[in-house]
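**Q** only geometry, no sequence info:
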Ligand code: HEM
């Protein structure tokens, strides 16, 4: 059974490789460039959505905007969709005869002659997103702490994608597209600030005088009586 599967996978890989080599010889005009630009924008919007859902999941609100189980499923689904769109965005460049991207330019930072730094930023963002998405399935092996640390990387990946798309994209000149970058940056920055604020607030429960403070908690009683005598 396993043997049949690996033979199928090998056959699919060889088929894809041969078709790519054949298709690379053809001239598709500007079509690959248009497809790459549109899929890049879709990937960026999806990535922002995934980051927003991740922030909503990790911000402990008594009345969550989206039910946690649904938010988690959506978060994982959108992350996979984002990677698929990044695959299309970068992969289709193999068929663009103007930019001259080969496998090395797509996979390795600084291999491209076309805006090397900005393209490298995109390549690094793509690899880090592959690692973060793969970690959904590796959580059991790497443990929750390492998983959470790796997940923090998604903010850096999102920021790299923002810089890459905004600075390298032809479509940034379109007001609607630049509005997408500005709005997404405002939403992520706002949610991140709220989350940091809510975390640091919840770290100091002992010093907070709460009406629900239990009668058995000496520290709470002492703080309550101090507050009352102030
Ligand atoms: C393998 C990695 C990547 C490569 C080789 C790559 C390559 C490129 C290139 C060459 C452009 C310029 C297209 C133009 O002429 O306008 C571009 C633009 C763009 N890329 Fe990437 N990119 C990569 C990863 C990413 C990632 C991870 C994202 C975000 C999730 C992304 C989102 C965008 C966006 C939004 C644009 C702007 C599209 C436009 O306005 O025309 N890219 N990318």
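**A** Happy to help now that I have it. Remember, predicted model here, so these are calculated numbers, not experimental data.

**Q** for the ligand, what are the nearby residues on the protein?
**A** Within the chain, the positions adjacent to the ligand are 36-37, 40-41, 43-44, 47, 86, 89-90, 106, 114, 119, 122-123, 125-126, 129, 161, 164-165, 168-172, 177 by CB under 6 Å from any ligand atom. Where you see a C-beta, it was placed from the backbone N, CA and C, and this is true even at glycine.

**Q** 5 Å - rerun?
**A** Proximity of the chain to the ligand (CB under 5 Å from any ligand atom) is limited to residues 37, 40-41, 43-44, 47, 86, 90, 106, 122-123, 125-126, 161, 165, 168-171.

**Q** could you turn the buried ones of those into a ChimeraX selection?
**A** Entered in ChimeraX, the line below selects the buried ones among the residues of the chain next to the ligand, by 16 or more other CB atoms under 10 Å:
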select :37,40,41,43,44,47,86,90,106,122,123,125,126,161,165,168,169
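
**Q** so which of the residues of the chain next to the ligand belong to helices?
**A** 37, 40-41, 43-44, 47, 86, 90, 106, 122-123, 125-126, 161, 165, 168 (DSSP state H).

**Q** OK, now which residue of the protein is nearest to the ligand?
**A** Proximity of the chain to the ligand (CB to the nearest ligand atom) peaks at residue 169, 2.4 Å away.

**Q** that residue touches residue 163, doesn't it?
**A** No - Residue 169 is beyond contact range of residue 163, at 10.6 Å (criterion: CB atoms under 8 Å).

**Q** quick one: pLDDT of residue 207?
**A** pLDDT recorded at residue 207 is 38.

**Q** no, scratch that, I was asking about residue 224
**A** 33.

**Q** which residues sit in contact with residue 54?
**A** 75, 151, 154 (CB atoms under 8 Å, 6 or more residues apart in numbering).

**Q** list buried residues within these.
**A** The buried subset of the contacts of residue 54 (16+ other CB under 10 Å) comprises 75, 154.

**Q** how about CSV for the contacts of residue 54, with secondary structure, distance to residue 11 and pLDDT added?
**A** Below are the contacts of residue 54 laid out as CSV (DSSP: H, G, I helix; E, B strand; the rest coil; distance: CB to CB, whole Å; pLDDT from 0 to 100):
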residue, secondary structure, distance to residue 11, pLDDT
75, helix, 34, 89
151, helix, 36, 87
154, helix, 35, 93
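
**Q** skipping adjacent residues, who's closest to residue 184 in space?
**A** residue 48 (4.3 Å; CB to CB, 6 or more residues apart in numbering).

**Q** ok, that neighbour touching residue 186?
**A** No - assessed by CB under 8 Å, residue 48 is found out of contact with residue 186, at 10.9 Å.

**Q** just give me how far stretch 143-153 sits from the chain centre.
**A** 14 Å (CA atoms, centre = their mean, to the nearest Å).

**Q** cool, and stretch 113-126?
**A** So, by CA atoms, centre = their mean, the centroid of stretch 113-126 is 17 Å from its chain's centroid.

**Q** elements contacting the helix or strand hosting residue 183?
**A** Assigned by DSSP states H and E, residue 183 belongs to helix 175-202. If you count contacts as 3 or more CB pairs under 8 Å, 6 or more residues apart in numbering; DSSP states H and E, helix 175-202 packs onto helix 31-58, helix 116-168.

**Q** ok and the shortest one relative to helix 175-202, angle-wise?
**A** This points to helix 31-58. Counting by axes from the mean of the first three to the mean of the last three CA atoms, to 10 degrees, helix 31-58 points 20 degrees away from the direction of helix 175-202.

**Q** before I go, just wanted to say thanks for your time.
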